[in-house]
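# coords please:
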Amino acid sequence: IQPEQLVVNLQGFDCTTFAENCLALARTAKNKNPSFEIFKNELQLIRYREGVIDGYPDRLHYFSDWIIENDKKQIIKSVLNAACADELKKTINFMSQHPQSYNPLKDNAVFLENIKEQEEHLSDSMLYYIPTEKINALSYLIKDGDILGITTNIEGLDIIHVGIAHYIAGELHMIHASSKAGKVIVSDETLYEYLLQRKSATGIMLARPL
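As a prediction, this is how the structure comes out:
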């Protein structure tokens, strides 16, 4: 197994790495003396628990965990709470239930146990989301540039896709790395329409860059 290391690739993204790189670039641009080294440090801080790379379990694999941990680091703010959103009551254990889908977990009992502990902690955490049917009514909570995590009804999983909120003529859309289009796009459909068209999508979590 290859040791865990920071991968920087600005030419090929998945949905999560697209959001991470945008956030890291924005934070680097605020620095008085921006550099590639500062960008790498920002990306590592965003992507890994406490910004430390010791092994595969240090990466924030679940996006709800990503939101919680980056809120602690004061990189983003977790916008939703009990006053404005629904609680996501779910057992999150997809990775430990499907270790064969993750090469570092296939034959590493220690890594698998670490992931299970993280999942148990995450399942016990207070997670909030806006259900699809409430998106339009609660869109005032969402600002341009907010990071969106699309929640799912897939068993054991919290979030299936990540994007960035973008308003067009007052209507909420999403900028995201689309596997279907094979590139980063602004969705033609509104966020509400996007969610309605996907049977496994149930709503959104929300993270606001600070």
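# tell me, what residue is most central in this structure?
Nearest residue to the geometric centre of the chain (CA atoms, centre = their mean): residue 63, 3.6 Å.
# residue contacts, that residue?
Residue 63 is in contact with 16, 149, 158-159, 162, 205, counting by CB atoms under 8 Å, 6 or more residues apart in numbering. For the C-beta atoms, the positions are set from N, CA and C on the backbone; glycine is no exception.
# Quick check: pLDDT value at it.
With respect to pLDDT, residue 63 scores 96.
# Return the distance of it relative to residue 170.
27 Å (CB to CB, to the nearest Å).
# same check, this time on residue 131
Taking CB to CB as the measure, residue 131 falls 22 Å from residue 170.
# Okay, residue 54 and residue 3: tell me how far apart.
In terms of CB to CB, residue 54 sits 10 Å off from residue 3.
# residues touching residue 135, list them.
Counted by CB under 8 Å, 6+ apart, residue 135 has contacts 172, 191-192, 195, 203-204.
# all strands for the protein, in order.
Applying DSSP state E to the chain gives strands spanning 76-78, 86-87, 128-131, 147-152, 159-168, 171-178, 183-186, 201-209.
# deepest of the ones you listed, which one?
Mean neighbour counts were compared across those using mean count of other CB atoms under 10 Å; the top stretch is strand 147-152, at a mean of 26.
# pull the CA atoms of that strand into CSV?
Output of strand 147-152 as CSV, limited to C-alpha atoms (Å, rounded to 0.1, in the frame of the first residue of the first chain):
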residue,chain,number,x,y,z
ILE,A,147,-20.2,24.6,0.0
LEU,A,148,-23.0,22.2,-0.5
GLY,A,149,-23.0,18.5,0.5
ILE,A,150,-25.8,16.5,-1.1
THR,A,151,-27.2,14.1,1.5
THR,A,152,-28.4,10.6,0.5
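# who does it touch, helix- and strand-wise?
helix 63-72, strand 159-168, strand 201-209 (3 or more CB pairs under 8 Å, 6 or more residues apart in numbering; DSSP states H and E).
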